[in-house]
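Visitor: Dropping the sequence and predicted coords here.
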Amino acid sequence: MKTSLYTIALGSLMLLGSGTLGSCTNEFEKWNVNPNEATEEETSRDNLRTGGYFAQMQRSVFIVGENLGGRYQQDQALEGDLFASYLATSTSWGNTAYHNDHYALYSEWYNYPFNDAYERIMQPWLQIYKNTDEISPARAMATVIKVFGMSRITDMYGPIPYSKFGQAIQAEYDSQEEVYNKFFEELKSAIDVLTDYADNNTENYLADYDNVYQGNVQKWVKFANSVRLRLAMRISNVNETKARAEAEAAIGNKYGLMAAATDDATLHQSSTLVFKHPLWEIGTSWDDEHMSATMDCYLNGYSDPRLAAYFQPATKTGEYRGVRNGIPRLNKSTYQEITSRPNFAQNSDMHWMYASESYFLMAEARMRWGLGVKSAKEYYEDGIRASFASFNLSGADNYIASTKLPLDKYIDPSNSRATDVSSMLSMLSPAWDDAASDNVNMERIMIQKWIALYPDGQEAWSEMRRTGKPGWVKIYSYNYQQEVTNGEMISRLKFPTTEYTNNSENTQKAVTLLGGRDIAGTRLWWDVKR
């Protein structure tokens, strides 16, 4: 029988019998102990059975750890960060001529996000679930992380195994609508438990294992409410009634949404968690991915003060310049010194979600349904201010009043060739226009939300697919595969080849749940607007 991720989950952290390995037993134990994870003996002491798994989940939403920069690259930087046009590849790889940056999906890369999520998020969550009860704050906090992490996976692939995870060796897939319904059910339960705890306790919970909020349960409630609002808006074009109900519940919770930089969900480095920031490794140490042409045109056109916070000046020219996505057979030496690296230090913390996103979500909820106590304009402007505050930047009010536009031409720094991008980008200023239509001001919201979401390209890509905004500099060439229509954005990742091998029958059924072929151009359930 073939082994699958679900086999591992059912056996939790199974140890093979010593008799099956003969003289290799001692070597097996040495080879198969991960020095970065808690052992079974360790998890039985000092609440590690729960806390150790909780810490493992935190390290795995955006993968960090010793020598794991490449894993982050395969899970995030070569997926959403490219597809959102935050970053572009500044090199080529010898193992494949055309790859994700050309919308020619490379299987060794699109397998990883799926498989890592089940191994590093779902499995430890299952252990916490088994060791806690339904009113446990530990289970509730872990469930918030699970929903946050797995929402990223369904928004990459579409249908995924979720509600039946851990129940069978080969798990059935849920449709994406079913997955989202389960997300909302789980978030409601988790928020209720955490709200009750925050109402009746002043002490922090799991503080020794929580590198995001150090056990501050009120902040976990705010984060969970903000995730709930994010997911509510995601389905707003396909189930508006459900979306509005979930948005109202998130907004109406007594602890509210993330509202200030102190509420930002950030995985902090600490004495118990030390890692090299993967975007430092990928962008600076390896020079694999630099600023994109889209970022170049928006940030330079707006004279955006966040430009220097997001990217480093090119080492040769001192300018902030980007690479166009999808250049074939790119030579690293061509762009290495003349384009901008992501601006992260080795010891930078890992961003999860900024408070600014809550304001942009509220601006949309106000415009759609009249929710909230402020106007859409006020929420929009508060979102920009919150984004500046997260980076300790001044000048937000001047930026909000600016009538500057994105650059209408992208100049390739390697050859000075100009490309007219005025029909590709959203040519709107930051300044709100009360006389403009709701559609125009919604586009304005999405431009600034796209900028503020950086560096989370996965979330930006999801919002670009959901709304069709903002515009982006099209990839250089669509000549290398037939799955994405010329001029269109890539819609999804294909199901992993490992799933076709290990969970074949259910994966074949999942293609029917997808409503189309298992290709990069098939749109997800909520992707109906563009």
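Guide: Perfect, thanks for sending it.
Visitor: how far does the helix or strand where Gln123 lies sit from the chain's center?
Guide: Using DSSP states H and E, Gln123 maps to helix 123-130. Offset of helix 123-130 from its chain centre (CA atoms, centre = their mean, to the nearest Å): 22 Å.
Visitor: Check stretch 243-253 too.
Guide: Its chain's C-alpha centre and that of stretch 243-253 lie 22 Å apart, by CA atoms, centre = their mean.
Visitor: The following helix or strand past the helix holding Gln123 - what's its average pLDDT?
Guide: Toward the C-terminus, helix 123-130 is succeeded by helix 137-157 as the next helix or strand (DSSP H and E). Mean pLDDT, helix 137-157: 98.
Visitor: which residues sit in contact with the nearest residue to Tyr173 once chain neighbours are set aside?
Guide: In this structure, Tyr173 finds its nearest non-sequential neighbour in Ala510, 3.8 Å apart by CB to CB, 6 or more residues apart in numbering. C-beta coordinates here come from the backbone N, C-alpha and C atoms, glycine included. Contacts here follow CB atoms under 8 Å, 6 or more residues apart in numbering; on that basis Ala510 touches Gly158, Pro159, Ile160, Tyr173, Phe495.
Visitor: Under a three-state scheme, what state does Ala510 occupy?
Guide: Of the three states, Ala510 takes helix under DSSP: H, G, I helix; E, B strand; the rest coil.
Visitor: Okay, it and Glu499: tell me how far apart.
Guide: 8 Å (CB to CB, to the nearest Å).
Visitor: Please apply the same query to Trp93.
Guide: In terms of CB to CB, Trp93 sits 24 Å off from Glu499.
Visitor: and those two? which has more neighbours close in?
Guide: Between Trp93 and Glu499, Glu499 has the larger neighbour count (other CB atoms under 10 Å), namely 24 against 13.
Visitor: quick one: the more buried one from Gly370, how far?
Guide: With CB to CB as the criterion, Glu499 and Gly370 are 43 Å apart.
Visitor: Also Gly70?
Guide: Distance, Gly70 to Gly370, by CB to CB: 47 Å.
Visitor: Between those two, which has more neighbouring residues?
Guide: Set Gly70 next to Gly370 and count neighbours by other CB under 10 Å: Gly70 wins out with 17 against 8.
Visitor: what's near enough to touch Leu273?
Guide: Contacts of Leu273 (CB under 8 Å, 6+ apart): Ala55, Arg59, Val64, Asn211, Leu267.
Visitor: Please tell me how far Tyr205 sits from Ala224.
Guide: Taking CB to CB, one finds Tyr205 at 14 Å from Ala224.
Visitor: residues shared between the contacts of these two?
Guide: By CB under 8 Å, 6+ apart, no residue touches both Tyr205 and Ala224.
Visitor: Name the residue in these two with the higher neighbour count.
Guide: Using other CB under 10 Å as the criterion, Tyr205 and Ala224 rank with Ala224 on top: 30 against 21.
Visitor: Surely that one is within a strand?
Guide: No. Judged by three-state DSSP, Ala224 forms no part of a strand; its state is helix.
Visitor: just checking, it touches Val193?
Guide: No. Look at Ala224 against Val193 with CB atoms under 8 Å: they stay out of range, at 10.1 Å.
Visitor: mind checking how far Tyr255 is from Gln218?
Guide: Counting by CB to CB, the gap from Tyr255 to Gln218 is 5 Å.
Visitor: Quick check: neighbours shared by these two?
Guide: Counting by CB under 8 Å, 6+ apart, the contacts common to Tyr255 and Gln218 are Ala198.
Visitor: residues near Gln269, how many?
Guide: Neighbours of Gln269 under the rule other CB under 10 Å: 18.
Visitor: Sorry, wrong one. I was asking about Leu524.
Guide: Neighbour tally, Leu524, other CB under 10 Å: 23.
Visitor: Also Gln167?
Guide: The number of residues near Gln167, taken as other CB under 10 Å, comes to 12.
Visitor: before we move on, which element is it in?
Guide: For Gln167, there is no enclosing helix or strand under DSSP H and E.
Visitor: For it, give me its contacts.
Guide: No contacts exist for Gln167 under CB under 8 Å, 6+ apart.
Visitor: and what of the one 4 residues further on?
Guide: Residues near Ala171 by CB under 8 Å, 6+ apart: Tyr6, Pro161, Lys164, Phe165, Asn503, Asn506.
Visitor: go with 7 Å
Guide: Counting by CB atoms under 7 Å, 6 or more residues apart in numbering, Ala171 makes contact with Tyr6, Pro161, Lys164, Phe165, Asn506.
Visitor: In CSV: the residues you listed, plus distance to Phe391 and secondary structure.
Guide: Listed next are those as CSV, based on distance: CB to CB, whole Å; DSSP: H, G, I helix; E, B strand; the rest coil:
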residue, distance to Phe391, secondary structure
Tyr6, 41, helix
Pro161, 38, coil
Lys164, 42, coil
Phe165, 37, coil
Asn506, 44, helix
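Visitor: hmm, who's touching stretch 89-100?
Guide: 78-79, 82, 101, 104, 106, 109, 287-290, 323, 328-330, 332, 335-336, 339, 480.
Visitor: So which of those are in helices?
Guide: Taking DSSP state H, the ones among the contacts of stretch 89-100 that sit in helices are Leu82, Trp109, Lys332, Tyr335.
Visitor: Give me the neighbour count for the third one.
Guide: A total of 13 residues lie near Lys332 under the criterion other CB under 10 Å.
Visitor: Renumber starting at 457 from here on
Guide: That works, and once the first residue is 457, the last one we named lands at Lys788.
Visitor: so how far is Ile901 from the residue nearest to it when sequence neighbours are not counted?
Guide: In space, Lys788 comes closest to Thr547 once its chain neighbours are excluded; the distance is 3.9 Å by CB to CB, 6+ apart. Counting by CB to CB, the gap from Thr547 to Ile901 is 35 Å.
Visitor: Neighbour count: those two, which is higher?
Guide: Ranked by neighbour count (other CB under 10 Å), Thr547 and Ile901 place Ile901 first, with 25 against 17.
Visitor: who's in contact with that one?
Guide: Phe816, Ala819, Glu820, Tyr836.
Visitor: Between which two of these is the distance greatest?
Guide: Spanning the widest gap among the contacts of Ile901 are Glu820 and Tyr836, at 9.1 Å by CB to CB.
Visitor: more crowded one of those two?
Guide: Taking neighbours as other CB under 10 Å, Glu820 and Tyr836 compare with Tyr836 leading, 26 against 22.
Visitor: Settle this for me: the more buried one is touching Trp888, isn't it.
Guide: Yes. In this structure, Tyr836 is within contact of Trp888 by CB atoms under 7 Å, at 6.3 Å.
Visitor: so which strand or helix has Arg841?
Guide: Counting by DSSP H and E, Arg841 is found in helix 832-846.
Visitor: Give me the spatial nearest neighbour of Glu793, chain neighbours excluded.
Guide: Lys772 (4.0 Å).
Visitor: what separates Gln904 from Val896, distance-wise?
Guide: Separation of Gln904 from Val896 (CB to CB): 13 Å.
Visitor: try Phe510
Guide: 44 Å.
Visitor: Name the residue in the two with the higher neighbour count.
Guide: With neighbours defined as other CB under 10 Å, Phe510 and Val896 compare such that Phe510 has more, 24 against 12.
Visitor: Quick one: the helices in the stretch 807-956 of the chain, in order.
Guide: 812-825, 832-846, 852-856, 894-909, 913-923, 953-958 (DSSP state H, counting those that start in this stretch).
Visitor: Dump the ones you listed into TSV; add distance to Ser870 and mean pLDDT as well.
Guide: Shown next, in TSV, are these (distance: least, CB to CB, whole Å; pLDDT from 0 to 100):
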stretch	distance to Ser870	mean pLDDT
helix 812-825	34	98
helix 832-846	31	98
helix 852-856	30	98
helix 894-909	25	98
helix 913-923	23	98
helix 953-958	35	96
